[in-house]
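Undergrad: Predicted structure and sequence below. I'll ask about it afterward.
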Amino acid sequence: DVKVTQSSRYLVKRTGEKVFLECVQDMDHENMFWYRQDPGLGLRLIYFSYDVKMKEKGDIPEGYSVSREKKERFSLILESASTNQTSMYLCASSSPRGVRAYEQYFGPGTRLTVT
Amino acid sequence: AQTVTQSQPEMSVQEAETVTLSCTYDTSESDYYLFWYKQPPSRQMILVIRQEAYKQQNATENRFSVNFQKAAKSFSLKISDSQLGDAAMYFCAFITQGGSEKLVFGKGMKLTVNP
């Protein structure tokens, strides 16, 4: 089974802190994604990566950056956390190949609260 | 722009009955994949079912089946013999083949199953 893990289920940070959210997948997937999920807004893509050291902005990249130094790990960085970044953050991975091409596998999510 | 619309934000169904969740999408592409994802309360998002646009036959996975109408750009999910464990948020999504590898998600709908 594909496993996508996220470093924390719950996180509380103060305004202005630098926040790191980490995601690891064990299926050798090329693609990895970071979403935020808010009630009534669905899932919104923050950033995605289709290869090591490669990244592309999603729909709402402002205030976030990402890092992908190894294929299995994709980090989301909030350089200076703000209260409007309080949200559920979901990581996902996928491959463009094979019978399960494009299926995204999700981590359990990190609920981040910025106070 | 590519969009997914889930017009019913909430639905309820009696245990053991059948319910249909609606989804429409908009794309000018002809090759794409469609998905339904399920997110139970406080639990991980998981794939329910997928449909390749080039396949005329509707996909089925146990109690879950789809009604894919390509010309109408409609992709509804039917849940038969509803169970309490089917209560969740359901998200419809699609991705175009050879595109940007990004899933386009609907805003989701909440399904309640009444005992």
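TA: Received, thanks.
Undergrad: so how far is B:Ser7 from B:Tyr32?
TA: Between B:Tyr32 and B:Ser7 the distance, using CB to CB, to the nearest Å, works out to 20 Å. Heads up, the C-betas are built off the backbone N, CA and C, glycines and all.
Undergrad: again, but for A:Lys18
TA: Looking at A:Lys18 against B:Ser7, where the rule is CB to CB, the gap reads 41 Å.
Undergrad: Quick one: name whatever helix or strand follows the lowest-mean-pLDDT helix or strand in chain B.
TA: Within chain B, confidence by mean pLDDT, DSSP states H and E is lowest for strand B:104-105 among all helices and strands, at a mean of 92. The element immediately downstream of strand B:104-105 (helix or strand, assigned by DSSP states H and E) is strand B:109-114.
Undergrad: Tell me the residues on chain B that lie near chain A, please.
TA: Residues of chain B found near chain A, taking CB under 8 Å from any CB of the partner chain as the criterion, are B:33, B:35, B:37, B:43-47, B:50, B:91, B:95, B:97, B:100-103, B:105-108.
Undergrad: Show me which of B:Tyr32 and B:Ser7 is the more surrounded one.
TA: The neighbour count for B:Tyr32 versus B:Ser7, taken as other CB atoms under 10 Å in any protein chain shown, is higher for B:Tyr32 (21 against 11).
Undergrad: pLDDT on the helix or strand hosting A:Ser49, on average?
TA: Element membership for A:Ser49 (DSSP H and E) is strand A:42-51. When the per-residue pLDDT values of strand A:42-51 are averaged, the result is 93.
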